[in-house]
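*Asks:* Sharing a model prediction with you, sequence too.
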Amino acid sequence: MSDPIVDKIKSNPKYQELQKKRNGLGFLLTVLMLVVYYGYIALIAFNKPFLAQPVGEGVTSLGIPIGMGVIIFTIIITGIYVKRANGEFDQLTKEILKDANQ
């Protein structure tokens, strides 16, 4: 037994568009995050002398700002997803629901 509203939503071209855009963005951001994170881990594993270089005259090594960069990158891509989700994706969802209730 299937719900006619669910079937109507699934057959809506806007739903197909929403699904394609949302999945594409999610995949892209996931790949970017994996590249950045595992790139950092690979640096730790294979090039410790590079990360151990001191920054300036202090005791902070180059690995610390690069690690902070990974964290900041994560925050930025999360913000990108939230902005798209709250803007474009929410608008498409409203249009799909409006079409389904007619």
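*Replies:* Cool, got the structure.

*Asks:* CA only for contacts and neighbour counts going forward, please
*Replies:* Noted.

*Asks:* show me the contacts for the residue nearest in space to the middle of the chain.
*Replies:* The residue lying closest to the centre of the chain (CA atoms, centre = their mean) is residue 29, at 3.4 Å. Counting by CA atoms under 8 Å, 6 or more residues apart in numbering, residue 29 makes contact with residue 77.

*Asks:* Can you check the pLDDT for residue 82?
*Replies:* At residue 82, the predicted lDDT confidence score is 96.

*Asks:* check contacts around it.
*Replies:* Taking CA under 8 Å, 6+ apart as the test, residue 82 contacts no residue whatsoever.

*Asks:* Assign the residue nearest to the centre of the chain to helix, strand or coil.
*Replies:* Under DSSP: H, G, I helix; E, B strand; the rest coil, the three-state class of residue 29 is helix.

*Asks:* how near is it to residue 72?
*Replies:* To residue 72, residue 29 is 14 Å away according to CA to CA, to the nearest Å.

*Asks:* any idea how far the worst-scoring helix or strand of the chain on mean pLDDT is from the chain center?
*Replies:* One helix or strand of the chain scores below all others by mean pLDDT, DSSP states H and E: helix 4-11, with a mean of 86. Mean-position distance between helix 4-11 and its chain equals 28 Å (CA atoms, centre = their mean, to the nearest Å).
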